[in-house]
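S.K.: Okay, predicted coordinates and the sequence, questions at the end:
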Amino acid sequence: MSGQTKKFKAEVQHLLDLMIHSLYSNKDIFLRELIANAADAIDKARFEALTNKEISREWEIRLEIDKNNNLIKIRDNGIGMTEDEVIVNIGTIAKSGTKEFIKAIEESNPKSADIPQLIGQFGVGFYSSFMVAEKVEVLTKKAGTDASAVRWTSDGKSSYQIEESTKEDQGTEITVHLKEDAKAYLETWKISEIVKKYSDFIEYPIILPFTTTKEDKTETTEERTLNSQKAIWLRTPEEITEEDHKTFYSHLSHFNGAPLKAIQFSAEGTSEFKALLYIPEKSPFNMFMPDVQKKGLQLYVRRVFITDECKDLIPDYLRFIKGVVDSNDLPLNVSREILQENPLIMKIQKNVIRKVLSELQKMQENEPDKYAAFFKEFGKILKEGIHTDFSNQEKIKELTMYETMNNEAGKLVSLKQYVAQMPAAQKDIYYITGESRAVFENSPALEYFRSQGLDVLFMTDPIDEWVMQSMHQYDKKHFKPAAKGEIELDEDSRKKSDAVIKDAAEKHKTLIEFLQKELGENIQQVRFSPRLTESACCLVGDETAMSPHMERMFKALNQQMPKTKRILELNASHPLVNALQKLYDKDNNDPKLKDYAGMIYDQALLTEGSPIPDPMNFSRRITALMVSNAEKN
Ligand code: ADP
């Protein structure tokens, strides 16, 4: 291979532009990212070395400052890269991460303080070196093979050069040629400070030569290890300071702040392991990207990093948890495939779930505000467990929180609190799913509940409807959709309402039949119901129907949906009913009747937040109504 110049892929180019012209104040993180890459590379080599005798080294990361040439080097003796790997990993970026990263930056317009976190979260750390570099060189040699070394060079503008080179040892050396305004990184104290801050617990020594000038002007150089290398999860809880947690959490999550909660525990007996887990405060920008979901906890076996892609360590519904599990029992040379459905792993998972759920429960009880903040951020993920983890379903139910009709906006209550606050007359747990509280608050379908002081859970997460399929009961009370099916009344009210409805149905038989015929394409039935106390009409599903909210979501996903016809309910005591009946009795061919029938249906759609099928027509009818009304005056 002779030297070649290659153009960056468009996304990489875009990303580099962002980095080079960045005004982000915290540029220090480039070093954190390069050191993290170096440590990852050693993790990988160490794992390979378990089966490949060609690889065996004293693992270390070496830093070098060259003041004369304005550069610093970061050198590792890890796994290294072949030419193809260099091109794929840092030339083209086949990863989904880059595009998403750029999108996140451009769409969400995050504060510049958030950018360093984004860089880490999206796995584009290497490029952050261009925040401080006018040129970056990568010299790398793949471990355990006889592939020749490769040199990659770029000024980050539009292209990079790649050529065969020579290098004695395995691993990678990154040379960062510093920009004029980044000279601070030539100071040993500055580098030491950054390493201490971000990379202290990295397991491999990070070594930096310190040169001191003696009085007689002779220089001596002494190598110092900058990091303490303490595997933080092996320390006792008392030994770990808040600051330690913050640093380690930021390493795992790429967030700069503190975690919401640290959970440290160990298990003995059939499965021995130590775990240090963190409940984050915020979800990363990429929480719903498949790549990130895959990365659960980091698995170590007796301090050796094995993988961060062991899906079975933690269930999907806890995928927001970050942390480390270090097992004593798994064999060190366990292959990543063998980890799948391994009974020891399943045991760890069980423990992890139990511990996390019980910590959440404690937080819910003792620190309700903190818990509510947590739930707002991660509740929609946690709730998946109700549907997917039957053995812990009851515990997860206890952990869910909702807004309700009888509590002020923004306030979340647990099912336990809901049940405790229920009026004595209420037997079931009522809920409604939909877009927003605002829609529920005005929904005619809830008028009856409102008039009786009954409480209704407001469910606005897209996932709620799916979760409800597994909810069934809580505290021996059934969950009942408030906007579906018939309303259950106590015996007295039932008798009264039955009489009113029977009466109305007889009196307005002809009108009902007319409406039914007129709207038959869209609704299955027209009926009077006790649900409405103020409005004239509303739409309800039958007991089994999909909610209009769910239907709209499926449509948005371009899913073919069979049309569900719902029931149009009328309020027997609303003056509209009598007025229409009069009009009908006068002349049942009056064209206004057709218009009014359509308007009743459109109104019912609007009040529940559904779009109306023909807004032009609706507007024409309203206008006509206004004109005729205005002329009367
Ligand atoms: P991330 O590390 O999050 O994947 P980066 O942009 O920092 O993203 O790095 C891209 C890829 O380049 C890495 O996934 C890794 O495969 C490779 N790489 C980076 N630095 C090194 C290194 N020091 N040794 C070996 N491979 C490296």
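M.R.: That came through fine.
S.K.: and residue 53, how many residues sit next to it?
M.R.: When counting by other Cβ atoms under 10 Å, one arrives at 8 neighbours for residue 53. All C-beta spots, glycine's among them, are computed from the backbone N, C-alpha and C.
S.K.: My read is that residue 571 contacts residue 535, right?
M.R.: Yes. Assessed by Cβ atoms under 8 Å, residue 571 is found in contact with residue 535 at 6.4 Å.
S.K.: Backbone dihedrals for residue 68, both of them.
M.R.: phi -60, psi -40 (degrees, to the nearest 10).
S.K.: quick one: contacts for it?
M.R.: Taking Cβ atoms under 8 Å, 6 or more residues apart in numbering as the definition of contact, residue 68 has no neighbours.
S.K.: do the same with residue 225
M.R.: Contacts of residue 225 by Cβ under 8 Å, 6+ apart are 205, 206, 207.
S.K.: bridging residues for the last one?
M.R.: The residues listed as beta-bridge partners of residue 207 by DSSP bridges are residue 62, residue 225.
S.K.: so where is this protein shaky, pLDDT-wise?
M.R.: By pLDDT under 70, the low-scoring segments of the chain are 1-2, 22-25, 56, 92-102, 104-124, 285-295, 332-337, 556, 561.
S.K.: one more time with 50, if that's ok
M.R.: Applying pLDDT under 50 to the chain picks out residues 94.
S.K.: Which helix in it has the most residues?
M.R.: When the chain is parsed with DSSP state H, its longest helix is helix 343-366.
S.K.: and that one, what does it pack onto?
M.R.: Here helix 343-366 touches strand 261-267, strand 273-279, strand 322-327, helix 368-382, helix 393-399, going by 3 or more Cβ pairs under 8 Å, 6 or more residues apart in numbering; DSSP states H and E.
S.K.: Could I get the full set of strands for the stretch 201-350 of the chain?
M.R.: 206-213, 219-225, 261-267, 273-279, 298-301, 304-307, 322-327 (DSSP state E, counting those that start in this stretch).
S.K.: any chance you could read off phi and psi for whichever residue of the stretch 401-550 of the chain sits closest to the ligand?
M.R.: With Cβ to the nearest ligand atom, the shortest gap between the stretch 401-550 of the chain and the ligand falls at residue 463, namely 28.9 Å. Residue 463 adopts backbone torsions of phi -80, psi -10, taken as degrees, to the nearest 10.
S.K.: Enumerate every residue touching the residue nearest to it when sequence neighbours are not counted.
M.R.: Nearest residue to residue 463 in three dimensions, chain neighbours excluded: residue 380, at 5.4 Å (Cβ to Cβ, 6 or more residues apart in numbering). Neighbouring residues of residue 380 by Cβ under 8 Å, 6+ apart: 461, 462, 463.
S.K.: so how far is residue 452 from the second one?
M.R.: For residue 462, the distance to residue 452 (Cβ to Cβ, to the nearest Å) stands at 29 Å.
S.K.: ditto for the first one
M.R.: Counting by Cβ to Cβ, the gap from residue 461 to residue 452 is 26 Å.
S.K.: go on, residue 324?
M.R.: Taking Cβ to Cβ, one finds residue 324 at 52 Å from residue 452.
S.K.: Those two: which is more packed in?
M.R.: More neighbours surround residue 324 than the other of residue 324 and residue 452, with 23 against 16 (other Cβ under 10 Å).
S.K.: residues from the chain in reach of the ligand?
M.R.: Contact residues, the chain versus the ligand (Cβ under 6 Å from any ligand atom): 33, 37-38, 41, 76, 78-81, 89-90, 123-127, 172.
S.K.: quick one: the residue nearest to residue 463 from residue 462, how far?
M.R.: Taking Cβ to Cβ as the measure, residue 380 and residue 462 are separated by 8 Å.
S.K.: on that earlier part again, which one of the contacts of residue 380 sits in the busiest neighbourhood?
M.R.: Neighbour max across the contacts of residue 380 (other Cβ under 10 Å) = residue 463, 16 neighbours.
S.K.: For it, give me its contacts.
M.R.: Applying Cβ under 8 Å, 6+ apart, the residues near residue 463 are 380, 383, 384.
S.K.: please redo it, this time with the cut-off set to 10 Å
M.R.: 379, 380, 381, 383, 384, 386, 387, 433 (Cβ atoms under 10 Å, 6 or more residues apart in numbering).
S.K.: go on, residue 516?
M.R.: Here residue 516 is in contact with 523, 524, 525, 526, 527, 568, 597 (Cβ under 10 Å, 6+ apart).
S.K.: Sweet, I'm off.
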